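Trainee: Sequence and computational prediction follow.
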Amino acid sequence: MIEYSDFSKKVIKLIKSIPKGNVATYGLIAKLAGRPQGSRGVGWLLHSSTRKHHLPWQRVIKSGGKLSFPEGANAYFLQKELLEKEDVIFLNGRIDLKKYLWKKITLF
DNA sequence: GTTTTGACAGTAT
DNA sequence: AATACTGCCAAAA
């Protein structure tokens, strides 16, 4: 049975490990997965694997704390709402990465 | 095996 | 600040 690449598996695992109330950027995920510049692969995997693995895709955002969708898109508001439900507050349309960026610490 | 797509990031203009 | 261009990676067609 063919499986995903190590990169993909790591990405999936990492995303599943994002604690509630935290967010991660594509670049960060890619970096942790071993491909510092594979943010696009992460994005692809994310939307592609979300069906198979119930991934918290809403916790994965673009650099700078911005969502991956243009304002006005239905998915944008959906994601925003999901995040706010998890105590992630939006400031001026962006997330405060200083507070919510997942640093892979999880030493709660 | 080559081309296309995809929910990106970084730099330059 | 906003846009354009480039670099990068993985999966599907």
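Mentor: Arrived safely, thanks for sending.
Trainee: what about A:I12, neighbour count?
Mentor: When neighbours are counted by other C-beta atoms under 10 Å, A:I12 registers 20. From N, CA and C alone the C-beta is placed, and that goes for glycine too.
Trainee: and if you look at A:I89?
Mentor: 10.
Trainee: Let me see the contact set for it.
Mentor: By C-beta atoms under 8 Å, 6 or more residues apart in numbering, the contact set of A:I89 is A:I95, A:D96.
Trainee: so how far is DNA strand C from it?
Mentor: 19 Å (C-beta to the nearest atom of the strand, to the nearest Å).
Trainee: so the residue positioned nearest the centre of chain A bridges to which residues?
Mentor: With distances taken as C-alpha atoms, centre = their mean, the residue of chain A nearest its centroid is A:V60 (1.4 Å). Beta bridges link A:V60 to A:A24 when assigned by DSSP bridges.
Trainee: which residues does it contact?
Mentor: A:V60 touches A:I15, A:I18, A:V23, A:A24, A:T25, A:Y26, A:I29, A:V42, A:L46, A:S68, counting by C-beta under 8 Å, 6+ apart.
Trainee: Quick check: strands, which of the residues you listed are part of them?
Mentor: Those of those mapping onto strands are A:A24, A:T25, per DSSP state E.
Trainee: From the contacts of A:V60, pick out the ones that also neighbour DNA strand B.
Mentor: Checked against DNA strand B using C-beta under 7 Å from any atom of the strand, those yield the following neighbours: A:T25, A:Y26, A:V42, A:L46, A:S68.
Trainee: tell me the contacts of the second one?
Mentor: Right, A:Y26. Each residue near A:Y26 by C-beta under 8 Å, 6+ apart is listed here: A:S39, A:R40, A:V42, A:G43, A:L46, A:V60, A:I61, A:K62, A:S63, A:S68.
Trainee: Spatially nearest residue to it (excluding sequence neighbours)?
Mentor: Take A:Y26 and drop its neighbours on the chain: the residue closest to it by C-beta to C-beta, 6 or more residues apart in numbering is A:S39, 4.0 Å away.
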